[in-house]
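Student: 3D model of this:
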Amino acid sequence: MQKPRSSGAGCGVLLLPLLVMISFARPCRSTLYNPPQPVMVYHAGAVLEGTVPVSVLYYGAFSPHQKAVIADFLLSLSPRGGGPRHQPQHHYGFGAPGHPAPASAPSVARWWETVDRYVRKAGRDDPPRVLLASQVHDEACSLGKTLSRLQVERLAARLGVAAGGVAVVLTAADVAVEGQCSSACGSHGASAPGGAAHVWVGNAAAQCPGRCAWPFHPAEGFAYGGARHGRGGETLAAPNGDVGVDGMLVNLAAMLAGAVTNPYGHGFFQGDPGAAVEVAAACPGVYGRGAYPGYPGAVRRDTVTGAGYNVVGRNGRKYLVPALVDPDNYSCIIMS
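Tutor: From the prediction side, this is the model:
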């Protein structure tokens with residue numbers, strides 16, 4: 001089997017015929033924010049549908065609060081017996097930044113409904129319903145605190161997730177993973193076509209928060225922030241009070257959307273298969289209206305903490321999730 005290899009680019013991805021690995025790096029910079037139409041092409045491959053069991057491995061030290069924030073997000077994607085999911089949505093334009101309406105915030109499930117639409121567009125009638133199947137803890141870091149991508153896959157395999165499910169490996173702030181910060185903030189892939197998908201996301205709070213936890217930390221000269229554009233990028237307070245974990249959740253949301261809509265490298269994506277841009281990466285840095293490099297857009301603010309968020313989940317928790325591409329008109333859907 002061919003070993004994974006890094007593209008070496010700041011927004012690189014990796015796509016191999018048997019070992020699929022899609023990386024989510026913060027996008028390449030541009031002097032003016034005028035991205036091409038983010039057309040998502042369906043390549044006639046498999047997508048995940050029906051019940052999608054998700055098992056999580058916490059590798060390293062995670063506090064009970066951090067685990068609860070992550071678990072509540074996953075449980076919010078497909079709530080059982082929830083109320084109506086159809087809430088107002090807006091499509092991103094290039095107008096001046098506005099102010100969010102006073103109406104209640106959209107739910108995490110409403111954000112996930114766009115992923116449902118992609119699955120239906122692929123001709124599947126059973127939308128993906130995320131089920132948090134298990135949570136496993138490896139606080140002792142059994143494979144050490146410097147991991148290769150292959151070791152991450154081995155950790156994912158420990159979860160024993162069946163085909164049609166997703167094994168999620170989350171690494172703590174003091175754990176370094178091959179390619180982390182230099183080429184990716186998270187990745188997803190599959191060891192074989194038709195098998196279980198796996199997702200990895202790292203806590204970048206101690207390594208590269210400006211890159212992988214933006215907009216909760218000043219961008220350290222990276223694409224979204226000020227240094228390369230001659231201005232300071234706007235920083236938001238983290239909605240759950242944890243820059244590392246709130247940043248992880250932005251990337252975890254993107255990776256899960258990609259794992260469902262493009263699990264084996266032949267689903268929905270834009271561009272060349274070797275540099276695929278997926279549904280959550282085609283609207284870079286867009287979280288609210290009026291977004292541009294260094295500015296995430298006008299999002300809601302917590303009335304007590306001032307933290308920025310755009311969706312609400314289980315137990316009233318607030319989260320910031322990336323804009324997804326509309327599968328019908330290819331605009332960027334923002335939660336507003």
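Student: residue boundaries of the strands in the stretch 51-200 of the chain?
Tutor: 51-59, 90-91, 129-138, 146-147, 166-171, 176-177, 186-190, 197-202 (DSSP state E, counting those that start in this stretch).
Student: pick the most deeply packed of the ones you listed.
Tutor: A comparison of the strands of the stretch 51-200 of the chain by mean neighbour count, using mean count of other C-beta atoms under 10 Å, puts strand 197-202 on top with a mean of 29. C-beta coordinates here come from the backbone N, C-alpha and C atoms, glycine included.
Student: for the helix or strand following it, the distance to its chain's centre please.
Tutor: From strand 197-202 onward toward the C-terminus, using DSSP states H and E, the following helix or strand is helix 209-212. Computed by C-alpha atoms, centre = their mean, to the nearest Å, the chain-centroid distance of helix 209-212 equals 14 Å.
Student: what angle separates the helix or strand that helix 209-212 is followed by from strand 51-59?
Tutor: Counting by DSSP H and E, the next helix or strand C-terminal to helix 209-212 is helix 243-261. Counting by axes from the mean of the first three to the mean of the last three C-alpha atoms, to 10 degrees, helix 243-261 lies at 150 degrees to strand 51-59.
Student: run the angle between helix 243-261 and strand 129-138 for me.
Tutor: 130 degrees.
Student: by contact count, what packs against helix 243-261?
Tutor: strand 20-24, helix 64-77, helix 108-121, strand 166-171, strand 186-190, strand 197-202, helix 209-212, strand 318-319 (3 or more C-beta pairs under 8 Å, 6 or more residues apart in numbering; DSSP states H and E).
Student: for the fourth one, what is the average pLDDT?
Tutor: What that stands for is strand 166-171. Computed over strand 166-171, the mean pLDDT rounds to 98.
Student: now do that strand: which elements does it pack against?
Tutor: strand 51-59, helix 149-158, strand 197-202, helix 243-261.
Student: among these, which comes closest to residue 210?
Tutor: Residue 210 lies closest to helix 243-261 among these, at 9.9 Å (C-beta to C-beta).
Student: and the next element down the chain from that closest one?
Tutor: Moving toward the C-terminus from helix 243-261, the next helix or strand (DSSP H and E) is strand 268-269.
Student: immediately after that next one, which helix or strand?
Tutor: Taking DSSP H and E, what comes next after strand 268-269 is strand 300-301.
Student: tell me which helix or strand comes right after that next one.
Tutor: Counting by DSSP H and E, the element after strand 300-301 in chain order, helix or strand, is strand 308-309.
Student: okay, now the sheet partners of that following strand, with direction.
Tutor: Using DSSP bridges, strand 308-309 pairs in its sheet with strand 300-301 (antiparallel).
Student: chain center to the strand it pairs with, what's the gap?
Tutor: 20 Å.
Student: any chance of the helices and strands packed on strand 166-171 in JSON lines with distance to residue 115 as columns?
Tutor: What follows is these, written out as JSON lines (distance: least, C-beta to C-beta, whole Å):
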{"stretch": "strand 51-59", "distance to residue 115": "10"}
{"stretch": "helix 149-158", "distance to residue 115": "21"}
{"stretch": "strand 197-202", "distance to residue 115": "13"}
{"stretch": "helix 243-261", "distance to residue 115": "5"}
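Student: returning to what we had before: would you list the strands of the stretch 51-200 of the chain in JSON lines and tack on distance to residue 278?
Tutor: Formatted as JSON lines, these follow (distance: least, C-beta to C-beta, whole Å):
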{"stretch": "strand 51-59", "distance to residue 278": "16"}
{"stretch": "strand 90-91", "distance to residue 278": "19"}
{"stretch": "strand 129-138", "distance to residue 278": "17"}
{"stretch": "strand 146-147", "distance to residue 278": "23"}
{"stretch": "strand 166-171", "distance to residue 278": "15"}
{"stretch": "strand 176-177", "distance to residue 278": "20"}
{"stretch": "strand 186-190", "distance to residue 278": "9"}
{"stretch": "strand 197-202", "distance to residue 278": "12"}
